[in-house]
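> mind looking at a prediction? Sequence and model below.
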Amino acid sequence: MDAATVEQWFTRADGSYLCARWGRPLSPVVFGVEDATLSLVKGAFEAVCALTGHKMAQTDPELGANVMVFFLRDWADLRTVPDLDRLIEGLDGMVTRLQDAGANQYRLFHFDAQGAIRAAFVFLRMDAALDAMAAEDLALAQVVQVMLLWSDSAFADRSPLGQLGDGRVVLRPEIAALLRAAYDPVLPDVARDPSHALRLAARMG
């Protein structure tokens, strides 16, 4: 992947470049699934953190949990989650927009004063398309998408996952390499200059 291609992964709809990674260990919590699926989701977090060298923690000292993953059948269910409106400003309007768009997933990020990711919310409305995915594949795809602040359209028409000849689904090697590069300790948690893509590409070789 050359620098120009890397740059596209983090170029916003308005043409600006922004790549942000987590500035603290991940402390995920999952709602709306059985224990078997819960272990698969947490396993996906552990696998991607092992890949990138980023850390996980039992709790976040400020927030308790800083990654919240919600599995639901109807967007309206979010309105019944206790205290969620205290964490997400404009929750009611967000739910209405998701209903109107017929969306089946949505991710929302919070950032610290420097611009690094400090919290993420993942909402998955389990429609026919998401139900058709294996739970471990769905979990891995979602974890990849919360590890970095990707461009608005990064995975709109291409999945971060690929299929091997034997049918196994794995993280695409170029995405794995990009994740590893983005978490190089030498690089900043937040970059707004496109020259950052050059540094990422150099580390992917």
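That came through fine. Residues are numbered from 1 along each chain as shown.
> domains of this structure?
Residue ranges of the domains in the chain are recorded as 1-20+157-205, 22-147, according to automatic domain parsing.
> output the contacting helices and strands for the helix or strand hosting Ser39.
Using DSSP states H and E, the secondary-structure element containing Ser39 is helix 35-52. Packed against helix 35-52, as judged by 3 or more C-beta pairs under 8 Å, 6 or more residues apart in numbering; DSSP states H and E, are the following elements: strand 28-31, strand 67-72, helix 135-147, helix 173-182. From N, CA and C alone the C-beta is placed, and that goes for glycine too.
> centre-most residue in this structure?
For the chain, the residue lying nearest the average C-alpha position, counting by C-alpha atoms, centre = their mean, turns out to be Val146 (1.5 Å).
> my guess is that one contacts Met68, does it?
No. Val146 is beyond contact range of Met68, at 10.3 Å (criterion: C-beta atoms under 8 Å).
> now do the shared contacts for the two.
Between them, Val146 and Met68 share these contacting residues under C-beta atoms under 8 Å, 6 or more residues apart in numbering: 120, 122.
> where is the longest strand in this protein?
Criterion DSSP state E: the longest strand present in the chain is strand 117-125.
> what's downstream of it, the next helix or strand?
Next along the chain after strand 117-125, taking DSSP H and E as the criterion, comes helix 128-131.
> so for that following helix, what gets flagged as buried?
Residues of helix 128-131 classed as buried by neighbour count (16 or more other C-beta atoms under 10 Å): Leu130.
> again, but for stretch 38-51
In stretch 38-51, residues buried by neighbour count (16+ other C-beta under 10 Å) are 38, 40-42, 44-45, 48-49, 51.
> between helix 135-147 and the longest strand of the chain, find me the angle.
Compare the direction of strand 117-125 with that of helix 135-147 by axes from the mean of the first three to the mean of the last three C-alpha atoms, to 10 degrees and you get 140 degrees.
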